[in-house]
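Enquirer: test case, fold it:
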Amino acid sequence: MDTKQENIIRTDYAEVMQKSYIDYAMSVIISRALPDVRDGLKPVQRRTLYDMYELGIRYDRPYRKCARIVGDTMGKYHPHGDSSIYESLVVMAQDFKKGKTLVDGHGNFGSIEGDGAAAMRYTEARLEKLTQEVFLADLDKDVVDFMPNFDETEKEPVVLPVKIPNILVNGAEGIAVGMATSIPPHNLGEVVDAVKAYMKDNDISVKGLMRYVKGPDFPTGGIVVNKDELRKIYETGVGKIRLRGRVEVEKLKGGRMQLVITEIPYTMLGANIGKFLNDVAALVETKKTTDIVDISNQSSKEGIRIVLELRKDTDVENLTNMLYKKTRLEDTFGVNMLAVADGRPETLSLKQIIEHHVDFLFELTTRKYNTLLNKELEKKEIQEGLIKACDVIDLIIEILRGSKSREQVKKCLVDGVTEGIRFKSKASEKAAAKLRFSEKQATAILEMRLYKLIGLEIEALQAEYAETMKNIARYRDILDNYSSMSEVIMDELDSIKKEYNTKRKTSVENAEEAVYEEKKMEEMEVCFLMDRFGYMKLIDKTAYERNREAAHSEYKYVFPCMNTDKICIFTDSGKMHAIKAADIPLVRFRDKGTPADNLSNYDSAKEQMIYVAPLGQIREARLLFVTEKSMCKLVEGAEFDASKRTIAATRLGEDDRLIFVGNAGEMDQVVLQSSGGYFLRFLKSEISLMKKTAMGVRGMKLGENEVVKHAYLLESHQEYAITFHDKPYVLNKVKLAKRDTRGVKPRI
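Expert: Below is the predicted model of the structure:
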């Protein structure tokens, strides 16, 4: 009989989901996305560097293939896919992303303009000298704890023994669950000085620390222009840094000038450089500025150089301010100094980061010197035993010669046991019985070589013993006195600063808000043309008059408007997209236009245009809206005068779409045509005037699977004919009925 019982635990599904999600979130936060405040590294970075250290890929040894490093890291420590490990390795080697590169890359590791690195099978890497000496030194001295790897076949460090606040020097970026970190890089020398200042005075304020840390120091240079706001950012750990690129003016022959951008904001890295060039080109194309003659990107390995050639007599300051306002030449860097501290995520101030790091430095130094002290104490014990053995060497030789085994000798040396040993005299046996060497000393004596008995060797042993005693005294002083340990840490920090400090690249200042005078556009009447493919353009009035017939036959929408107006595009999805007429190119009649998709949020793949008109005309009008499910309403045109590029023009029901929008101003009747061939004519006055957010009222009753196909606005005194079943059909002859009825089916 099976006595096995099932243990079924009943629990609330919501509780299980909540617990599971919290566990997952904490795993992402702690074990993947956020850096540890102590070494400033995410787990993937820490594991990659440790693996390179284990593989012996030192700064003074040959490069090794990145594929080898990635494969080894993934197999031993980080089972999360090779792409994340390689991307982490690449970023640690890019000098335009990191304040201090941690990996020395050999091969194509990407460019500042956003080009990706070559595949890992082509690139090679090794540790930087800084990484080896400042991040990985002393790992053999038990300075940090080790933990089992994912399959418990290897050991990996919980944290690397980093001697500088790397989280400040290199910054950090990471998106976890419900939180993200964004810490800017800083200058190594300034950060070291701030750490020393805190060690000298633990009560120092953030303001005091900022005498040393002037502000972020981005590898791309640039200018921080909100110096006064930095103190609040460093006190709270949260805020926005305003960054500008560095612009220089170069004079050319003939009195002309060119603007040269030599440094870019850190946020413009990668594809945003191309976007900046496109934005400048767009300003020229849309006639926002006529001062720029040519744009060229002359950047190279030597650095950034973007050149804008200018017309004569250009107001350079006004143009520069325009670039700051209209492009990413001025941008904001969002700061959120979030890191894992004491095992949990925490938003930290500048002082708190330095506090955590100094505590970590003292812990590292304590563990290092405890290890060194223990080694010296072991040496002292052995050296004392050897010196003592030299004094009674004749007796020890007599014991060795009279013994039958190694164990017999050892027992005599440690415990004075003389049984079974042949001595030359009773005096020797008595002396041997008094010997009390330790186990380690006895082993050392037995392993000692005869040449150690030479006079000079004995002197060297005594000198080594004196050195050992000196080291023990020094290590004990460091461990027992805060001031001595502080001095050791500061000396180490000074040597790191001396070897690895570089000049600050980013300027920190207070700059006024960029203000530029926009040249007022000369108002003029133009003609808007759009073909059935959605290509639009503006032509001047005289060109329209010359080509009036061709314009109306070749283009779907043709109407006059002012060049200061907006063009409104209503789509079947119930949206209205607005395009400034000034953004539409003013060209010759036969020139090709620009797609509406390029100038607005309109997406021709997902929505269809049903009405296009200038805002100036719509503002004075009353628009009729009709949907496929026969919902109708009238809306005042003034409601569509909005500053946004895209707004909801109407509210649609489920699975409904807009089929008609029209100017109902002079019209007094509405005709709806259904997919079943029914026509309903009723007075416009039966449709309510509503807000654009309303759904409307029902226009006609529809049969099963029937929809409204067309809507028409009529003027009662004017005949309006359509083609129905290949024959003309006059809509005015449809029997006038009431709204929300079935309508009639013509007999044609």
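
Enquirer: any idea how many residues pack against the residue nearest to residue 128 when sequence neighbours are not counted?
Expert: In this structure, residue 128 finds its nearest non-sequential neighbour in residue 104, 5.0 Å apart by CB to CB, 6 or more residues apart in numbering. Using the backbone N, CA and C atoms, a C-beta is placed for each residue, glycine as well. When counting by other CB atoms under 10 Å, one arrives at 18 neighbours for residue 104.

Enquirer: so how far is residue 82 from residue 104?
Expert: Taking CB to CB, to the nearest Å as the criterion, residue 104 is separated from residue 82 by 21 Å.

Enquirer: show me where the stretch 301-450 of the chain has helices.
Expert: Taking DSSP state H, counting those that start in this stretch as the criterion, the stretch 301-450 of the chain carries its helices at 316-326, 350-391, 393-402, 406-415, 426-433, 439-447.

Enquirer: swap that for the stretch 1-150 of the chain, sorry
Expert: 13-28, 43-54, 66-76, 82-93, 129-130.

Enquirer: ok, now which ones touch residue 556?
Expert: With CB atoms under 8 Å, 6 or more residues apart in numbering as the criterion, the residues that contact residue 556 are 530, 531, 532.

Enquirer: try it again with 6 Å
Expert: The contact partners of residue 556, taken as CB atoms under 6 Å, 6 or more residues apart in numbering, are 530, 532.

Enquirer: kindly report the same for residue 707.
Expert: Neighbours of residue 707 in contact, by CB under 6 Å, 6+ apart: 628, 675.

Enquirer: start and end of stretch 149-159, how far apart?
Expert: Stretch 149-159 has an end-to-end distance of 13 Å (CA to CA, to the nearest Å).

Enquirer: which residues touch it?
Expert: The set of residues external to stretch 149-159 that reach it, using CB under 6 Å, 6+ apart, is 36, 38, 39, 50, 76, 77, 79, 144, 145, 146, 147.

Enquirer: as a markdown table, the helices of the stretch 1-150 of the chain with mean pLDDT and mean neighbour count would be great.
Expert: Compiled in a markdown table, the helices of the stretch 1-150 of the chain are given as follows (pLDDT from 0 to 100; neighbours: other CB atoms under 10 Å):
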| stretch | mean pLDDT | mean neighbour count |
| --- | --- | --- |
| helix 13-28 | 79 | 11 |
| helix 43-54 | 95 | 23 |
| helix 66-76 | 95 | 20 |
| helix 82-93 | 95 | 20 |
| helix 129-130 | 96 | 16 |
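
Enquirer: for residue 104, list each beta-bridge partner.
Expert: When assigned by DSSP bridges, residue 104 has beta-bridge partners residue 126.

Enquirer: how far away is it from residue 217?
Expert: When residue 104 is compared with residue 217 (using CB to CB), they lie 21 Å apart.

Enquirer: tell me which helix or strand residue 549 sits in.
Expert: For residue 549, the host element (DSSP states H and E) is helix 548-554.

Enquirer: list the buried residues in that helix.
Expert: Within helix 548-554, the residues that qualify as buried by neighbour count (16 or more other CB atoms under 10 Å) are residue 551.

Enquirer: state the pLDDT value of residue 451.
Expert: Reported pLDDT at residue 451 in the predicted model: 69.

Enquirer: give me the number of residues near the residue nearest to residue 718 when sequence neighbours are not counted?
Expert: Counting by CB to CB, 6+ apart, the nearest residue to residue 718 once its immediate chain neighbours are dropped is residue 732, at 8.0 Å. Residues near residue 732, counting by other CB under 10 Å, number 16.

Enquirer: the one 3 residues further on too?
Expert: For residue 735, the neighbour count with other CB under 10 Å is 9.

Enquirer: what about it, distance to residue 618?
Expert: Distance, residue 735 to residue 618, by CB to CB: 33 Å.

Enquirer: likewise for residue 604?
Expert: Residue 604 sits 22 Å away from residue 618, going by CB to CB.

Enquirer: neighbour-wise, which of the two wins?
Expert: Neighbour count, other CB under 10 Å: between residue 604 and residue 618, residue 618 has more, with 25 against 13.

Enquirer: surely that one is within a helix?
Expert: Yes: the assignment for residue 618, made by DSSP: H, G, I helix; E, B strand; the rest coil, places it in a helix.

Enquirer: nearest spatial neighbour of it, skipping sequence neighbours?
Expert: Closest residue in space to residue 618, ignoring its immediate chain neighbours: residue 637 at 4.2 Å, by CB to CB, 6+ apart.

Enquirer: list the residues that contact the one you found.
Expert: With contact taken as CB under 6 Å, 6+ apart, residue 637 is in contact with 618, 619, 621, 623.

Enquirer: now stretch 474-491: buried residues?
Expert: Neighbour-count burial for stretch 474-491 [16+ other CB under 10 Å]: 474, 475, 478, 479, 484, 485, 486, 488, 489, 490.

Enquirer: that older thread, what residues does the next helix-or-strand element following the helix holding residue 549 touch?
Expert: Elements were assigned by DSSP H and E; along the chain past helix 548-554, the next helix or strand is strand 557-562. Residues outside strand 557-562 that contact it (CB under 6 Å, 6+ apart): 525, 527, 528, 529, 530, 551, 552, 581, 612, 614.

Enquirer: tell me the SS of residue 204?
Expert: Three-state secondary structure (criterion: three-state DSSP) places residue 204 in coil.

Enquirer: contacting residues around it?
Expert: Listed by CB under 6 Å, 6+ apart, the contact partners of residue 204 are 197, 198.

Enquirer: quick one: low-confidence residue ranges for the chain.
Expert: Low-confidence regions of the chain, defined by pLDDT under 70, span residues 1-5, 450-456, 516-521, 748.

Enquirer: kindly recompute the last result at 50.
Expert: Along the chain, the parts satisfying pLDDT under 50 run over 1.

Enquirer: what's the domain layout of it?
Expert: Domains of the chain are assigned by automatic domain parsing as 41-161, 246-328, 357-499, 620-733.

Enquirer: and those as CSV, adding distance to residue 590?
Expert: Formatted as CSV, the entries for the domains of the chain read as follows, by distance: least, CB to CB, whole Å:
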stretch, distance to residue 590
domain 41-161, 37
domain 246-328, 19
domain 357-499, 68
domain 620-733, 29
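
Enquirer: mind listing the helices for the stretch 151-300 of the chain?
Expert: Shown for the stretch 151-300 of the chain, the helices assigned by DSSP H, counting those that start in this stretch span residues 166-169, 188-200, 206-209, 227-236, 271-285.

Enquirer: tabulate those (TSV), appending distance to residue 366 and mean neighbour count.
Expert: Supplementary listing: those in TSV, determined by distance: least, CB to CB, whole Å; neighbours: other CB atoms under 10 Å:
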stretch	distance to residue 366	mean neighbour count
helix 166-169	20	27
helix 188-200	15	21
helix 206-209	24	17
helix 227-236	29	17
helix 271-285	46	16
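
Enquirer: mind putting those in JSON lines, distance to residue 57 included?
Expert: As requested, these are arranged in JSON lines below (distance: least, CB to CB, whole Å):
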{"stretch": "helix 166-169", "distance to residue 57": "20"}
{"stretch": "helix 188-200", "distance to residue 57": "23"}
{"stretch": "helix 206-209", "distance to residue 57": "36"}
{"stretch": "helix 227-236", "distance to residue 57": "37"}
{"stretch": "helix 271-285", "distance to residue 57": "31"}
